[in-house]
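Peer 1: next one to model:
(one chain, ligands or ions: 1)
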Amino acid sequence: MAQTQPCVLVVEDEGAQREVLKYNLEAEGFSVVMAENGDEAMLLVAEEQPDLIVLDWMLPNVSGIEVCRRVKADPATRQIPIIMLSARSEEVDRVRGLETGADDYVVKPYSVVELMARLRTQLRRTRPATMGERLSFADIILDAGEHRVFRGGQTLHLGPTEFRLLSTLMEKPGRVWTREQLLDRVWGRDIYVDTRTIDVHVGRLRKALMVNGGDNPVRTVRGTGYSLG
Ligand code: CA
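Peer 2: Residues are numbered from 1 along each chain as shown. A predicted model of the protein is given here:
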């Protein structure tokens, strides 16, 4: 199984545009959820915890700007990158002026190639392991593109699950993950796995990381879960 791919939420009221986006995002290997309006978007943000939102400015009822403002006002969701789609360049200026906190803007009609490039730029920052980046923490280096892990210059041998687990932890050093959050990330949301399974794989990961006498970098947070460092 590959690294769990980033989930992109598309918020667009026009069906044809929604389908074009879905098709292109899936072709890039992303998982896609779609909303037709702002209310649906807010529900999906809470339920799916997407890695990125492509948000149309012009939506019925709750506008794209309002969705953006709400997502960026909530500490639980404000780190999700938002790329706003807007119809005319003067709207872009207006959106900028409103300081809604969107991470990027693309003017319609947009080039899909350009939109995908901007999307990857955002995800390289927030989900670097899924974008094939090279991550480091202390003396550990994880090369997501080459699918290799090194510690203190030595190559380590990790199973596929341990590799995904380490990728997840290395994307956010210091973050405390619950077992459920790790299961969502490492196994995917649609697969049922007992939370105790995560303990088994954390054990294997620690063993693999400590094989050459290194210290244990994966901290157990009692009553919660795990963190790297
Ligand atoms: Ca629209």
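
Peer 1: in contact with the residue nearest the centre of the chain, which residues?
Peer 2: What sits nearest the mean C-alpha location of the chain, by Cα atoms, centre = their mean, is residue 51, with 3.3 Å. Contacts for residue 51 (Cβ atoms under 8 Å, 6 or more residues apart in numbering) come out as 6-8, 80-81, 123, 126-127, 130. The way it works is simple: take the backbone N, C-alpha and C, and place the C-beta from them, glycine included.

Peer 1: mind checking which of the residues you listed are in helices?
Peer 2: Counting by DSSP state H, the contacts of residue 51 place 123, 126 in helices.

Peer 1: farthest pair in the contacts of residue 51?
Peer 2: The largest separation in those, counting by Cβ to Cβ, is between 80 and 130 at 14.4 Å.

Peer 1: neighbour-wise, which of these two wins?
Peer 2: Shown here are residue 80 and residue 130; by other Cβ atoms under 10 Å, residue 130 has more neighbours (23 against 19).

Peer 1: quick check: the more buried one vs residue 108, distance?
Peer 2: 27 Å (Cβ to Cβ, to the nearest Å).

Peer 1: ok, back up a step: show me which of the contacts of residue 51 are buried.
Peer 2: 6-8, 80-81, 123, 126-127, 130 (16 or more other Cβ atoms under 10 Å).

Peer 1: from those residues, which is closest to the ion?
Peer 2: residue 8 (17.1 Å; Cβ to the ion).

Peer 1: residues in contact with the closest one?
Peer 2: Applying Cβ under 8 Å, 6+ apart, the residues near residue 8 are 25, 30-33, 50-54, 119.

Peer 1: 7 Å instead?
Peer 2: Residues near residue 8 by Cβ atoms under 7 Å, 6 or more residues apart in numbering: 25, 30, 32, 50-52, 54.

Peer 1: could you do residue 6 as well?
Peer 2: 30, 51-52, 123, 127, 130.

Peer 1: just put those in CSV and tack on pLDDT.
Peer 2: As requested, the contacts of residue 6 are exported to CSV (pLDDT from 0 to 100):
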residue, pLDDT
30, 94
51, 95
52, 98
123, 96
127, 94
130, 91
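
Peer 1: in CSV: those residues, plus distance to the ion.
Peer 2: CSV is the format used below for the contacts of residue 6 (distance: Cβ to the ion, whole Å):
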residue, distance to the ion
30, 21
51, 22
52, 18
123, 23
127, 27
130, 28
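
Peer 1: is residue 220 in contact with residue 228, as I believe?
Peer 2: No - using Cβ atoms under 7 Å, residue 220 is not in contact with residue 228; the gap is 11.6 Å.

Peer 1: between those two, which has more neighbouring residues?
Peer 2: More crowded of residue 220 and residue 228, by other Cβ under 10 Å: residue 228, with 21 against 13.

Peer 1: which residue ranges of the chain form helices?
Peer 2: Using DSSP H, helices in the chain cover 15-27, 38-48, 64-73, 89-98, 112-126, 160-171, 179-187, 196-209.

Peer 1: with distance to residue 224 added, can I get those in TSV?
Peer 2: Formatted as TSV, the helices of the chain follow (distance: least, Cβ to Cβ, whole Å):
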stretch	distance to residue 224
helix 15-27	33
helix 38-48	21
helix 64-73	25
helix 89-98	38
helix 112-126	22
helix 160-171	14
helix 179-187	9
helix 196-209	12
